[in-house]
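> okay, sequence plus prediction incoming.
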Amino acid sequence: MPRAGKQKKFRIVVAEKNTKCRTIACDLVKRLHCIPIPVESVPEALDAIRTHRIDLVLLDVDLARLENLDAVNTIRQIAPLVPIVMMSQVFTPTLARRLCDRGVQSFLVKPIQLDQLAMTLFRYLL
């Protein structure tokens, strides 16, 4: 049984190819007292999901496209209940609808702001 006052630390996969964007996202995750698991490819993200107890996945839309993988469907097969939040500089209604149909829960527009990330984590993890 956990001790009183000890808070669970959520594990967040941060899948982003761009080093600077990945670092910023991981820093924001840390500021919200969660544990970031930084990865720079979809295969690394899938490996992290298989080997760690993951609470949420932040996945860059362009990363999934660049690697020509159906990352969302694969994540759903491995971890059907883990929320997936896509990150991108621009979301069109068509893209958002297509991703929601595949099992994406939410979207964050880059550059990610701390308050946006906090609301997203609160919505899906608490």
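Here it is on my side, so go on.

> now do residue 113 against residue 104, distance only.
Distance, residue 113 to residue 104, by CB to CB, to the nearest Å: 19 Å. Where C-beta positions appear, they are placed from N, C-alpha and C, glycine not excepted.

> between these two, tell me which one has more neighbours.
The neighbour comparison of residue 113 against residue 104 (other CB atoms under 10 Å) goes to residue 104, with 21 against 12.

> in three-state terms, label that one for me.
coil (DSSP: H, G, I helix; E, B strand; the rest coil).

> correct me, but it touches residue 86?
Yes. Residue 104 is within contact range of residue 86, at 5.3 Å (criterion: CB atoms under 8 Å).

> I'd like the next helix or strand past the lowest-mean-pLDDT helix or strand in the chain.
Within the chain, no helix or strand scores below helix 61-66, which has a mean of 77 by mean pLDDT, DSSP states H and E. The C-terminal neighbour of helix 61-66 among helices and strands, as given by DSSP states H and E, is helix 71-78.

> any idea which residue is closest to the centre of this protein?
For the chain, the residue nearest the mean C-alpha position is residue 58 (1.3 Å; CA atoms, centre = their mean).

> show me where the chain dips below the pLDDT cut-off.
Within the chain, the segments meeting pLDDT under 70 span 1-6, 66-69.

> what segments of it are helices?
19-31, 42-51, 61-66, 71-78, 93-102, 114-125 (DSSP state H).

> I'd like the ones you listed as TSV, with mean neighbour count and distance to residue 13 appended.
Converted to TSV, those look like this (neighbours: other CB atoms under 10 Å; distance: least, CB to CB, whole Å):
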stretch	mean neighbour count	distance to residue 13
helix 19-31	17	10
helix 42-51	17	5
helix 61-66	17	12
helix 71-78	17	9
helix 93-102	12	17
helix 114-125	15	13
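
> put together JSON lines for these, with distance to residue 9 on each row.
JSON lines is the format used below for those (distance: least, CB to CB, whole Å):
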{"stretch": "helix 19-31", "distance to residue 9": "10"}
{"stretch": "helix 42-51", "distance to residue 9": "15"}
{"stretch": "helix 61-66", "distance to residue 9": "25"}
{"stretch": "helix 71-78", "distance to residue 9": "21"}
{"stretch": "helix 93-102", "distance to residue 9": "28"}
{"stretch": "helix 114-125", "distance to residue 9": "11"}
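
> understood, closing this out.
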